[in-house]
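1. using only what follows, build the 3D model:
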Amino acid sequence: KLKKNDMTDALEVWAFGLASGPLLINSVQELADAILSDGLATTIYVLSLVPMVGHAPVIPLVIDGNANTFTRNDVQRTIMHVLKAFADEGLGGRIIGDNHDGDSRLRLQSLVMMHHTGNVASSYISFDHPWVIFRFPWIEGHGYFGHVMDYMHLVWRLRVNYLTGRMIFCGNEIGPRNLQLAVTLETATNMIAGDLNIKEKQRYAGVLRLSSIDERGNGLATDMVANLWHNEDFRGDAMYWRFVRKFLCIWISSAAVIVKIEMVGYVLGFLLLWRRQNKLANGQTLKENFLSNPTYVDVVLNVNAFILFGILMRDSKSPGEGADVSVTDSAVPWKYDDSVKMVRFDTDRVSSKWSEFMFAFARTALKNVVGFGCMQFFVVLNYILFQVDLEYDLGYAVPPSQRGAPRGPARIDCKLGSGAVDEWRNLTDADITAALRRGATEVLSDARKLRPAVGEGALPEVDELLAEKLLPDGSKKTVLERELTIAGLAGPGGE
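-> Model prediction:
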């Protein structure tokens with residue numbers, strides 16, 4: 001591509017699509033050497049800014065085409081440079097966290113930053129409960145920063161895990177064969193044929209139907225989960241999809257915060273009960289009768305992050321200019337002015353699904369083509385940014401699009417998520433602990449209505465379940481002090 005150098009006005013030739021990124025080319029030989037040494041990009045990664053404002057456009061910040069060869073250190077460096085760039089503009093602390101799709105390197109970044117040994121950071125957002133094992137560290141020069149796995153990608157995987165085959169939950173077989181049998185017995189369901197097709201891995205609408213909820217977490221007229229529960233043979237399956245439904249509703253529903261915390265208790269209680277009873281049973285293994293370990297860890301990380309974001313809203317924010325940082329009470333580590341107070345937390349927007357919409361939009365560059373090239377993506381990306389400029393900077397209307405920028409400032413809803421902040425600020429530690437306990441108690445109540453297991457230990461009491469460890473001893477990572485600061489970094493265009 002020909003590009004004009006803004007400093008010299010000279011035209012330059014740049015090559016896009018190399019695994020090492022865009023490259024200035026001075027000769028055909030340079031291009032050939034770069035292709036042979038670096039290879040071509042096979043994957044495009046996008047880092048976008050998602051405002052906690054209803055219907056606001058999502059702004060792409062970093063576009064990286066590579067051969068899927070980046071490392072956890074690359075992720076760390078990119079995030080810190082973005083935080084530095086915002087801090088340089090006086091917006092330090094405004095980015096509260098990172099959301100990702102479950103890539104192993106992104107998961108490792110989350111674990112390193114939120115589940116490490118020692119108190120390396122100067123301060124943490126944490127909660128004293130055996131089921132809240134992660135912490136948000138203080139990033140020097142920025143503020144508290146958390147990581148969370150995307151709920152949409154996770155429920156895709158929860159559906160695939162279920163469809164993989166036969167599993168045993170508390171002595172009861174669960175799996176797609178039971179749903180197929182339920183249909184033959186004329187059990188009312190919401191399913192369509194493709195919902196049980198394991199080859200269709202990204203089927204969010206299928207997850208909603210199997211969970212018997214709509215895209216806002218409201219129950220469907222036909223409640224498949226409740227109908228399965230009426231047959232003792234299918235109660236294990238009903239519990240599984242009740243677990244998925246509660247997990248989703250934590251993020252997509254408008255339920256009260258205290259109810260969502262109870263859902264967190266149910267989700268974690270379900271998983272810990274499943275693991276516990278599996279280990280007590282003869283001949284059962286977690287590999288064959290439980291979620292894949294990455295999926296399990298991501299669910300734990302996800303719902304832990306929900307609690308921690310709530311504590312962040314309730315107890316502390318990034319200190320703004322003129323803030324009183326002399327407060328030493330550990331319960332209130334920072335006192336600050338209203339200019340940086342978190343006023344909205346719309347949980348539905350805590351997702352990387354916006355990048356998926358962007359990729360879907362990019363695929364429209366060519367007809368009947370699933371993939372797209374780097375240059376094609378940049379063309380479509382520039383169109384998206386052009387839409388944003390027209391609508392939000394200049395006020396011009398553009399044709400509506402399901403995947404483009406939302407139409408106009410009139411669609412912005414600043415009230416979405418504001419109520420959640422107020423609810424969190426009215427909750428005490430005791431309220432949160434009690435809600436988690438109620439969720440765990442509900443799981444045990446449901447499990448005691450299953451067909452009695454043969455060859456498994458008795459179900460635990462709630463205190464025994466609450467004492468179960470989410471992750472094994474020795475699972476904590478190591479973080480370096482220099483990874484918890486933006487000092488010394490240069491923002492875009494910096495020295």
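2. rest of the way, CA atoms for contacts and neighbours
-> Will do.
3. quick one: the strands in the stretch 51-200 of the chain, in order.
-> 59-66, 97-100, 124-125, 136-139, 143-144, 146-149, 167-169, 172-174 (DSSP state E, counting those that start in this stretch).
4. got those as a markdown table, with distance to L11 and mean pLDDT columns?
-> Shown next, in a markdown table, are these (distance: least, CA to CA, whole Å; pLDDT from 0 to 100):
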| stretch | distance to L11 | mean pLDDT |
| --- | --- | --- |
| strand 59-66 | 23 | 82 |
| strand 97-100 | 37 | 91 |
| strand 124-125 | 50 | 91 |
| strand 136-139 | 41 | 93 |
| strand 143-144 | 42 | 88 |
| strand 146-149 | 42 | 92 |
| strand 167-169 | 62 | 90 |
| strand 172-174 | 63 | 91 |
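5. to W424, which of those strands lies closest?
-> Of all the strands of the stretch 51-200 of the chain, strand 124-125 sits nearest to W424, with 14.4 Å by CA to CA.
6. which residues touch the closest one?
-> Strand 124-125 is contacted by residues R135, F136, P137, W138, Y144, L308, I311, L312 when judged by CA atoms under 8 Å, 6 or more residues apart in numbering.
7. so where's the stretch 251-400 of the chain shaky on pLDDT?
-> Confidence mapping of the stretch 251-400 of the chain against pLDDT under 70 gives the ranges 282, 316-343, 365-371, 391-400.
8. that one: helices as residue ranges?
-> Ranges of helices in the stretch 251-400 of the chain, per DSSP state H, counting those that start in this stretch, are 257-280, 286-289, 293-315, 353-362, 374-388.
9. from those, which stretch is densest packed?
-> helix 257-280 (a mean of 22; mean count of other CA atoms under 10 Å).
10. what is the orientation angle of that helix with helix 293-315?
-> 150 degrees (axes from the mean of the first three to the mean of the last three CA atoms, to 10 degrees).
11. need the phi and psi values for the most centrally placed residue in the chain.
-> Nearest residue to the geometric centre of the chain (CA atoms, centre = their mean): D150, 2.1 Å. Main-chain torsions, D150, degrees, to the nearest 10: phi -70, psi 130.
12. give me the pLDDT value at it.
-> Here the pLDDT value assigned to D150 is 93.
13. now the one 5 residues further on
-> The model reports V155 with a pLDDT of 95.
14. and for the one 10 residues further on?
-> Per-residue confidence for G165 comes out at a pLDDT of 78.
15. before we move on, what about the one 10 residues further on?
-> G175 carries a pLDDT value of 93.
16. same check, this time on G102
-> Taking G102 on its own, its pLDDT is 87.
17. quick check: it touching D150?
-> Yes - G102 lies in contact with D150 (CA atoms under 8 Å); the separation is 7.4 Å.
18. now P22. Nearest residue, chain neighbours left out?
-> Spatial nearest neighbour of P22, chain neighbours left out: F16 (4.8 Å); criterion: CA to CA, 6 or more residues apart in numbering.
19. oops, could you answer that again for R451 instead?
-> R451 sits nearest to E232 (CA to CA, 6+ apart), 6.6 Å away.
20. the one you found: how many residues sit nearby?
-> Applying other CA atoms under 10 Å, we find 14 residues neighbouring E232.
21. so which of the strands of the stretch 51-200 of the chain comes closest to Y45?
-> Of all the strands of the stretch 51-200 of the chain, strand 59-66 comes closest under CA to CA, at 5.2 Å.
22. contacting residues around the closest one?
-> 17-21, 40-50, 374, 385.
23. how about a cut-off of 6 Å?
-> A19, A41, T43, I44, Y45, V46, L47, S48, L49 (CA atoms under 6 Å, 6 or more residues apart in numbering).
24. list phi and psi for the third one.
-> The reference is to T43. Torsion angles, degrees, to the nearest 10, at T43: phi -140, psi 140.
25. quick one: pLDDT of it?
-> 82.
26. what do you get for the last one?
-> Here, the pLDDT recorded for L49 equals 89.
27. and it, bridged to which residues?
-> I59 (DSSP bridges).
28. what's the neighbour count on it?
-> Residues near L49, counting by other CA under 10 Å: 15.
29. ok now do V244, which residues does it touch?
-> Per CA under 6 Å, 6+ apart, neighbours of V244: none.
30. now it: which helix or strand?
-> helix 235-252 (DSSP states H and E).
31. chain center to that helix: distance?
-> 17 Å (CA atoms, centre = their mean, to the nearest Å).
32. over to stretch 106-126?
-> Centroid separation for stretch 106-126 versus its chain: 17 Å, with CA atoms, centre = their mean.
33. again, but for stretch 473-483
-> The chain centroid and the centroid of stretch 473-483 are separated by 21 Å, computed with CA atoms, centre = their mean.
34. first to last residue in that stretch, what's the distance?
-> 24 Å (CA to CA, to the nearest Å).
35. which other residues reach that stretch?
-> V112, H115, H116, T117.
36. neighbours of the first one, how many?
-> Going back to what we said before, that points to V112. 19.
37. check what pLDDT it gets.
-> At V112, pLDDT is 95.
38. coming back round to it: can you check which of the helices of the stretch 251-400 of the chain gets nearest to L11?
-> Short answer: helix 374-388, nearest of the helices of the stretch 251-400 of the chain by CA to CA, at 18.1 Å.
39. next helix or strand past that closest one?
-> In N-to-C order, the element after helix 374-388 by DSSP H and E is helix 418-425.
40. residues touching the helix or strand following that following helix, excluding its own?
-> Note on helix 418-425: by DSSP H and E, the next helix or strand toward the C-terminus is helix 429-447. By CA under 6 Å, 6+ apart, the residues outside helix 429-447 that reach it are I261, E262, M263, G265, Y266, G269, F270, V462.
41. can you rerun that using 7 Å?
-> For helix 429-447, contacts defined as CA atoms under 7 Å, 6 or more residues apart in numbering pick out I258, I261, E262, M263, V264, G265, Y266, G269, F270, V462.
42. of these, closest to A182?
-> Closest to A182, out of all of the contacts of helix 429-447 and judged by CA to CA, is F270, at 22.9 Å.
43. that closest one: what's it in contact with?
-> Contacts of F270 (CA under 7 Å, 6+ apart): V443.
44. and it, how far from N227?
-> 20 Å.
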